[in-house]
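J.: Here you go, sequence then predicted model.
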Amino acid sequence: MKARRFDWKGAAETASALRYWAVEESPVVDVRPIEKEVLEEGDEAVLRLTMRLDAPSATIESLRVGLAEASSALSVLEPELRAAMEVAIANIRRVAEAQLGEERTVELPAGQVVRMREVPVGAAGIYAPGGRAAYPSSVLMCAIPAQVAGVERIALASPPGPDGRLNPLVLAAAALCEIEEIYAMGGSQAIFALAHGTETIAPVDVIAGPGNAWVREAKRAVYGKVGIDSLAGPSELMVVAGHDTNPDWAALDLCAQAEHGPESPLVLAAVEEYTLNSIVGATEAAATLRPTVADAPLALVQVPDIEAAINLANAYAPEHLELLETNAELMADRVTTAGCVFVGRHGATAFGDYVAGSNHVLPTGGAGRYAGPLGPGAFRRRISNVQIGADAAAELAMHADALADAEGFPVHGESAMIRR
């Protein structure tokens, strides 16, 4: 761990310093040449880029993965792992179903009626990171909300491993979610293929799922052509620790998020100096014994009081926030910007990553100020049905005409006035 102490300068100033520190070494990538290749050459470009970047020692002849391969992967999945995935699916589905919006009808004074309804998008592309590692949980987190939203077509993209094949765990998760369209492609070329389409791949309406800097920048580039869930960056965790926080538990929580890589910023805030020191010591000791834990940056902030810690969290807007305080339940509702809040000493972020039912596709980089977890809403859109009768038209026409005249659109006014 690369621990660094930050002096308390107030919530906003300290949060700004933390955010700058978190991104100062972030990679800057240019995805425009890749988009140009995909647009000009379609399947051929996606295959060439996938073999060059993901599977340099393999020959891949088709982007599409047969459903038999996914079924086969599911059939040999270890029973305890399948049971874990099924628990995760059930929990994710129940939380997603609770987020569905209801149709609403508003009757306004003049007599017109506006009915707000929601409909699913026609097609969703979901991206599950892969390659040398496997993230079946990301398949579940993206596919289930899309299904709950009512999306008819879901296309899964995930990078193949060095052998040119998708990880069996990703395939098994896809089979459990009954995904019928699977592609072995990764990185920015996968995002561009889903957004623009190729000879093999029909374009989608929305793209969701986490990824590296190349995936993030590709999603930024296609936003507007398609919808996206968010511009999620490296995983983040902020821990607010109390005087009675178990340092070993907190240490493992920090180390767990450091498994995402050296770009994942960690923040530890506490009132007491000895709390900071004990957790840092336990974290450094735990990290040295666990080879999967990357040398992630760890920021240490001694806050004046717990109120200041909450203010810091709201100013920093972390992806994950753990409140390991005795009165965590009372504090939680005062948090307004975190992607997901884990309340109390048993609330490890790892539960949310897999089986708690909350989604692990969350806003990062401070985006929690305006965005939230991935849910069915990312795959649905609102439509307004406006019903205006003769009486309502007669009453509203003069007002529409006045506004149209003020804006220099006289024919707008005529269009309303003719209906009086």
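T.: Done, it's in.
J.: What's the separation between the residue lying closest to Ala3 once chain neighbours are set aside and Val267?
T.: The shortest distance from Ala3 to any residue other than its chain neighbours is 4.5 Å, reached at Leu298 (C-beta to C-beta, 6 or more residues apart in numbering). Any C-beta I mention is one placed from the backbone N, CA and C, and that applies to glycine too. To Val267, Leu298 is 8 Å away according to C-beta to C-beta, to the nearest Å.
J.: thinking again about what came up before, what about the residue nearest to Ala3, how many residues nearby?
T.: By the criterion of other C-beta atoms under 10 Å, Leu298 has 24 neighbours.
J.: Following the chain onward from the helix or strand containing it, which element is next?
T.: For Leu298, the host element (DSSP states H and E) is strand 297-302. Next helix or strand after strand 297-302 toward the C-terminus (DSSP H and E): helix 306-316.
J.: I figured Leu396 hits Gln112, correct?
T.: Yes - between Leu396 and Gln112 there is a contact under C-beta atoms under 8 Å: 6.9 Å.
J.: okay, and the common contacts of the two?
T.: Ile388 (C-beta atoms under 8 Å, 6 or more residues apart in numbering).
J.: so how far is the longest helix seen in the chain off the chain centroid?
T.: Using DSSP state H, we find that the single longest helix of the chain is helix 79-97. The chain centre lies 18 Å from the centre of helix 79-97; the measure is C-alpha atoms, centre = their mean, to the nearest Å.
J.: Relative to the following helix or strand past that helix, what are the paired strands and their orientations?
T.: Next helix or strand after helix 79-97 toward the C-terminus (DSSP H and E): strand 104-107. Here strand 104-107 is paired, per DSSP bridges, with strand 113-120 (antiparallel).
J.: what does the helix or strand just after the partner strand contact?
T.: Using DSSP H and E, the next helix or strand after strand 113-120 towards the C-terminus is strand 123-127. With C-beta under 8 Å, 6+ apart as the test, strand 123-127 has contacts from 138-139, 142-143, 146, 151-158, 190-191, 194-195, 202-211, 215, 226, 379.
J.: Would you mind listing where the chain has pLDDT under the threshold?
T.: Residue ranges of the chain with pLDDT under 70: 25-27, 131-132.
J.: change it to 90
T.: The chain contains residues with pLDDT under 90 at 1-2, 21-29, 54-58, 101-102, 130-134, 162-163, 211-213, 231-234, 261-263, 325-327.
J.: Nearest residue to the middle of it?
T.: Val361 (2.8 Å; C-alpha atoms, centre = their mean).
J.: Show the contacting residues for it.
T.: Going by C-beta under 8 Å, 6+ apart, Val361 touches Ser138, Met141, Cys142, Ala208, Gly209, Pro210, Asp229, Ser230, Ala232, Pro373, Leu374.
J.: Could you find the closest non-adjacent residue to the third one?
T.: Nearest in space to Cys142, with sequence neighbours left out and distances taken as C-beta to C-beta, 6+ apart, is Ile126 at 3.8 Å.
J.: go on, Leu266?
T.: Leu298 (4.6 Å).
J.: these two touch, right, that neighbour and Thr283?
T.: Yes - counting by C-beta under 8 Å, Thr283 is a contact partner of Leu298 at 6.9 Å.
J.: To what extent is the closest residue in space to Pro210 that isn't next to it in sequence buried, counted in neighbours?
T.: Distance criterion C-beta to C-beta, 6+ apart; nearest residue to Pro210, sequence neighbours excluded, is Ala232 at 4.9 Å. Look at Ala232: counted by other C-beta under 10 Å, it has 26 neighbours.
J.: returning to that earlier point: from Thr288, how far out is the residue nearest to Ala3?
T.: Distance from Leu298 to Thr288, by C-beta to C-beta: 14 Å.
J.: for Arg94, same thing?
T.: 40 Å.
J.: in its sheet, what does the helix or strand harbouring Gly227 sit against?
T.: Using DSSP H and E, Gly227 maps to strand 227-228. The strands beside strand 227-228 in its sheet (DSSP bridges) come out as strand 206-208 (parallel).
J.: re earlier: which of the contacts of strand 123-127 count as buried?
T.: Listed as buried from the contacts of strand 123-127 are 138-139, 142-143, 146, 151, 153-158, 190-191, 194-195, 203-211, 215, 226, 379; burial here means 16 or more other C-beta atoms under 10 Å.
J.: Filter those residues down to the ones in helices?
T.: Ser138, Val139, Cys142, Ala143, Ala146, Ala190, Ile191, Leu194, Ala195, Val215.
J.: Look up phi and psi at the residue nearest to the centre of the chain.
T.: Per-residue torsions, Val361: phi -90, psi 100 (degrees, to the nearest 10).
J.: same question, the one 10 residues further on
T.: The phi and psi torsions at Ala371 (degrees, to the nearest 10) take the values phi -130, psi 170.
J.: Look at it and say how many residues are nearby.
T.: Ala371 has 19 neighbouring residues, counting by other C-beta under 10 Å.
J.: can you check the one 10 residues further on too?
T.: Arg381: 15 surrounding residues under other C-beta under 10 Å.
J.: Got phi/psi on it?
T.: Dihedral angles of Arg381 (phi, psi; degrees, to the nearest 10) stand at phi -140, psi 150.
J.: coming back round to it: which residues are in contact with the strand holding Gly227?
T.: Residues contacting strand 227-228 (C-beta under 8 Å, 6+ apart): Val121, Asp205, Val206, Ile207, Ala208, Lys219, Val222, Ala378.
J.: tell me the two of those residues that are most distant?
T.: Spanning the widest gap among the contacts of strand 227-228 are Val121 and Lys219, at 15.7 Å by C-beta to C-beta.
J.: When those two are compared, which one has more neighbours?
T.: Lys219 (26 against 20).
J.: Quick one: residues contacting the more buried one.
T.: Neighbour list for Lys219: Ile191, Ile207, Gly211, Ile228, Leu231 [criterion: C-beta under 8 Å, 6+ apart].
J.: same deal with Val206?
T.: Val121, Ala123, Ala124, Gly125, Val226, Gly227, Ile228, Asp229, Ala378, Phe379.
J.: Pull up the gap between it and Met331, please.
T.: On the measure of C-beta to C-beta, Val206 and Met331 end up 35 Å apart.
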